[in-house]
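Colleague: here is my input; please provide its structure:
(chains A, B and C)
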Amino acid sequence: MSDRLIKYGFRLYIVLGFAFIFAPIVSLMVFAFNEDRFPSLPWRGFSTRWFEAVFETPEFTSALKNSLVVGAIVAVIATFLGGTAAYFLNRWNFRGKGVYLGIAVLPPCIPLVILGLALLIYLKEIGLSGSLTSVVISHVVIASAFALGIVRMRLTEMDPSLEQAAWNLGSSQWRAIKEVVLPQALPAIVAALLITMAVSWDEFIISWFVSGLDVTLPVAIFNELQGQVRARINAIGTIVFGVTILLVVLAQVALFVWAKTGSRRLAVATDEAGYEGQPATEV
Amino acid sequence: MADKAVVLENVVKRFDQVAAVSGVSLEIDHGEFVAFIGPSGCGKTTTLRLIAGLEEPSEGAVYIDGRLMNKLKPWERETPLVWQNFALFPYLTVAKNVEFGLKMRKVEKATRRQKVREALDKVGIGELANRQIAQLSGGQKQRVGLARALVTDPTVLLLDEPLGSLDAHLRVRMQSELRALQRETGITFVYVTHNQSEALAMADRIVVMDLGKVQQAGSPQEVYRTPQNRFVAEFVGTNNIFSGRITGVEGRRITVETPTGAFKVQTQDGIQPVTGDEASFVIAADRISTAYEGELAENRVEGRLTGKEFVGAVATLFLELPDGTEFKVQKQEHQIALVSAELGDSFAVSWEPEAAFLLPNP
Amino acid sequence: MIWQAVFFIAALVFLVLMSFWIVENFRLVRSYTIDNWTELLWSGLFHQVYIRTLVYALVAAVAATVLAFPFAYALAFKVSPGARRLAIMLLITPFFTSYVVRLYSWQLILAEDGIINKALAEVGLGPIGMLGTPFATLIGYMTLFLPLVTLLILLSLVNVDRDLVEAANNLGAGRVRSVFSVVIPSAKIGIVFAFSFAFILAFGDFIAPTLLGSSNDVTLSILLNSKIKSGADFPEAATVALVMVVTLLVVVFAAFRAAFPPQKKSATPQQESLA
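Modeller: A predicted model of the protein is given here:
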């Protein structure tokens, strides 16, 4: 009766919510394949000509290349920094730990415009601004917080006694990390690489402030938006979405599917008690 | 029907094809203290939740004060619950927790405040009114939960293992307080517990449940001394059960031939035992005399002592009979001194035919 | 962490310093003066921009929190755990996609000849001008943080003690009443967090007002951007930035304070001996 009505009402709300969130993404992808130059219905026919046009535009292709390169570099550095920070925070208690943690996760919380301005001024002062290097530096500042969060989450799920067992059996600290911690943290590390790359790939505001002649893709797109020709943007936007979605979905798969099955095998192999990965049950 | 506080009529509750409650019919009088006991999963908590409206019956009817409750939501009923893990609102003070039910019924502020004060005094925590929940001990929290349920002057109070989270000493004290409270207020208490002695101590009537059905409902004495079926006999008290065939009938005294031996049983009035029938009888562990106490009675067996268990003032001896069955003997701790057997020793035990009880439903 | 110290903290410190310097003849002069500050704070135009930004951000944050709540509630209580996990995945993914591109997409949807107006035309309704209005800017903000706000609220809703909801129902609280008397108080921290994040994001964003709003509606972030891109007037920009930071801190602090007022000490300090 009315209970069921309420339940369906809520589900409708969920659908509406997702419709709002995905509307811009889906509609853009639809238009990117539209034969018509003007992005509206009715659809005139399926076509990939806009994608071809994109690859013929040097602004886009160079920006694309830049974004990929920057993204990859940022991913590696940020994951390394964030990961090691996560390890230290997890293993050891030291004075000022709270402060350390606070500083580490602060960057994403500050409005990007303000952070962008601060970085711009500072990098200019020390002569590192106006190039892709400055973009890399800035992105690492933000992205490492994400890497830290992801790896830390995974480390807390891990059993600390495994590492200690390794020490006990004669392995040095480095060896233990390599043999015990890394394999288990691998899903999280991969996820962190993917997510930090996604963060860098889509980051606009700071790149907008900090970069010079060589720009990343989001900046190129924004520049283009001030111009006239628009149809290509649908295509490039779809590419941008596609890459991000791929990265994020893979990251989630790594964290939630790979991680769970991996540790179950590990638990069985080390003869531990059953792995608890049960989600909360519905009442 | 209006003269009964709670009536359950063939109530069935299924969760995904599995029946947690399968056909429970029960009538509870006004002012009665009824306790539901049974093993985990027997359906006692589900039955309580059906009365509260937190579950809807799949079949059957629930009446409270003569009104059909099936379609009424929990907030439309007046069946406050006292919860095992208290379920106190952590962001409200004690007083605000207690006044919650009154607030929902739109009682005005002055009346609310007074009733809250009365309820808190009744359970003995008047001075804790403005405390935060986190500052309270387990026993205090339980009292707050009780006050919260009582403040609306309900006719039926539901209690779901309320003393389960308290330590043993406190539990015993709360038992007598609850009993006194019930007598004083005259509220119908419907009480669920897995602790037998608690139920036996407090309740007017005990309902034994298993597999979603009522196995027996009766006074503590009835349930303890005259179990109606094997389950109740095994679940309540410490009993030995023998099964066999009736081989002789002499008036009310029958002989039952069992794998362990032939025993004489004095049957109760109204039973017509027939030779050749299958029969089971119960002999309570505390109605056994041992060889060390003097002459042995009519029914006797000999067994090897395999274990002793002390639970405060009562000690239980475990014997292994020749055919392998376990036999329990319960004595007061000071009587155990008489039994000078060591583990592994054999000795004889016996009982009178009158002490045994023939199960109506073997 | 050295990286952070070198690049991040130093940058912020510099920002503060910068606000006290001035630009003279397109050259940076490092004398310490509060001219920037006085000029800015006394400017009527600045006040206008400030108020506008503040109002927009507050409205957006409130709207997002209110709209996201039923969304998160439905996901927390009305769907199966499997569906919930899928929904979470679907909420996380758009969070990382390019904000600029999504707003561009909204431009297309909201345009005079965009999908919505085309659909309205089919039923004979006139075209609604949506671009270039605060409404469009609001939609832009929503696109930015609706998933995040929903996730934050969802996270704290999932941890609400279901027993408490049943207890409230048992004591007479109906469906709506129990949400307000149990669910929301229990999830307070998540809700305040969500609101704060939404506010911070809306306050600092310049893309939504630029792409979707009208060019007359200048926000603080647009002001900041223009000071940098045209004239490289870093000191003034820095001043604006610091004003923003202070505002953010004040608002967030106030929000948390409002939700978690300091508790009065109990009137009776005596310990209860009754167990």
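
Colleague: list the contacts of C:Gly124.
Modeller: If you count contacts by C-beta atoms under 8 Å, 6 or more residues apart in numbering or on different chains, C:Gly124 has none. (Each C-beta comes from the backbone N, C-alpha and C, glycine too.)

Colleague: three-state assignment of it?
Modeller: Following DSSP: H, G, I helix; E, B strand; the rest coil, C:Gly124 is assigned to coil.

Colleague: find the nearest non-adjacent residue to the most centrally placed residue in chain C, please.
Modeller: What sits nearest the mean C-alpha location of chain C, by C-alpha atoms, centre = their mean, is C:Ala198, with 2.0 Å. Excluding the flanking residues, the one nearest C:Ala198 by C-beta to C-beta, 6 or more residues apart in numbering or on different chains is C:Ala61, at 4.0 Å.

Colleague: contact partners for the one you found?
Modeller: C:Phe195, C:Ser196, C:Ala198, C:Phe199, C:Ala202.

Colleague: same thing but 6 Å
Modeller: Contacts for C:Ala61 (C-beta atoms under 6 Å, 6 or more residues apart in numbering or on different chains) come out as C:Phe195, C:Ala198, C:Phe199, C:Ala202.

Colleague: ok so, going back, the residue nearest to the centre of chain C contacts C:Ala64, doesn't it?
Modeller: Yes - counting by C-beta atoms under 6 Å, C:Ala64 is a contact partner of C:Ala198 at 4.6 Å.

Colleague: now the common contact residues for these two.
Modeller: Common neighbours of C:Ala198 and C:Ala64 (criterion: C-beta under 6 Å, 6+ apart): C:Val149.

Colleague: hang on, the earlier thing: in what helix or strand does the residue nearest to C:Ala198 lie?
Modeller: helix C:44-77 (DSSP states H and E).

Colleague: what separates that helix from the chain centre, distance-wise?
Modeller: Taking C-alpha atoms, centre = their mean, to the nearest Å, one finds the center of helix C:44-77 at 6 Å from the center of the full chain.

Colleague: mind splitting chain B into its structural domains?
Modeller: Here the domain assignment for chain B is B:4-230, B:239-358, based on automatic domain parsing.

Colleague: need those in CSV (columns: mean neighbour count, distance to chain A and mean pLDDT).
Modeller: Converted to CSV, the domains of chain B look like this (neighbours: other C-beta atoms under 10 Å in any protein chain shown; distance: least, C-beta to the nearest C-beta, whole Å; pLDDT from 0 to 100):
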stretch, mean neighbour count, distance to chain A, mean pLDDT
domain B:4-230, 19, 9, 92
domain B:239-358, 16, 31, 86
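
Colleague: including distance to A:Ile206, could those go into a markdown table?
Modeller: A markdown table is the format used below for these (distance: least, C-beta to C-beta, whole Å):
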| stretch | distance to A:Ile206 |
| --- | --- |
| domain B:4-230 | 40 |
| domain B:239-358 | 72 |
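
Colleague: out of those domains, which gets nearest to C:Glu112?
Modeller: Smallest distance to C:Glu112 across the domains of chain B (C-beta to C-beta): 50.1 Å, for domain B:4-230.

Colleague: near chain C, anything from that closest one?
Modeller: Yes - for domain B:4-230 and chain C, the contact criterion (C-beta under 6 Å from any C-beta of the partner chain) is met by B:52, B:54, B:74-75, B:81, B:87, B:91, B:100-101, B:104-105, B:127, B:130-131, B:139, B:170.

Colleague: ends of that domain, what's the gap?
Modeller: End-to-end distance for domain B:4-230, by C-alpha to C-alpha, to the nearest Å: 30 Å.

Colleague: same thing with stretch B:83-95?
Modeller: End-to-end for stretch B:83-95, by C-alpha to C-alpha: 18 Å.

Colleague: can you give the contact residues for that stretch?
Modeller: Residues from elsewhere that reach stretch B:83-95 (C-beta under 6 Å, 6+ apart): B:97, B:116, B:128-131, B:133, B:141, B:144-145, B:160-161, B:164, C:163-164, C:167, C:185.

Colleague: now for the residues of domain B:4-230 next to chain C: which two are most distant?
Modeller: Farthest apart among those - using C-beta to C-beta - are B:Leu54 and B:Glu127, which lie 32.8 Å from each other.

Colleague: tally of neighbours for C:Leu40?
Modeller: By other C-beta atoms under 10 Å in any protein chain shown, the residues close to C:Leu40 number 19.

Colleague: name the helix or strand for it, please.
Modeller: helix C:35-42.

Colleague: what is that helix packed up against?
Modeller: helix C:234-259 (3 or more C-beta pairs under 6 Å, 6 or more residues apart in numbering or on different chains; DSSP states H and E).

Colleague: convert the C-alpha atoms of stretch A:205-212 to PDB, please.
Modeller: Output of stretch A:205-212 as PDB, limited to C-alpha atoms (Å, rounded to 0.1, in the frame of the first residue of the first chain):
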ATOM      1  CA  ILE A 205      41.800  25.600 -12.600                       C
ATOM      2  CA  ILE A 206      45.300  25.300 -11.400                       C
ATOM      3  CA  SER A 207      46.600  24.300 -14.800                       C
ATOM      4  CA  TRP A 208      44.800  27.400 -16.100                       C
ATOM      5  CA  PHE A 209      46.700  29.600 -13.800                       C
ATOM      6  CA  VAL A 210      50.000  28.000 -13.800                       C
ATOM      7  CA  SER A 211      50.800  26.800 -17.300                       C
ATOM      8  CA  GLY A 212      52.300  28.900 -20.000                       C
END
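
Colleague: how far does it sit from its chain's centre?
Modeller: 19 Å.

Colleague: report the mean confidence score over it.
Modeller: If you average the pLDDT over stretch A:205-212, you get 82.

Colleague: got a list of contacts for it?
Modeller: A:Leu112, A:Val113, A:Gly116, A:Leu119, A:Leu120, A:Gly130, A:Ser131, A:Ser134, A:Val135, A:Ser138, A:Thr216, A:Val219.

Colleague: pLDDT value on the last one, please?
Modeller: Reading off the confidence values, A:Val219 has pLDDT 85.
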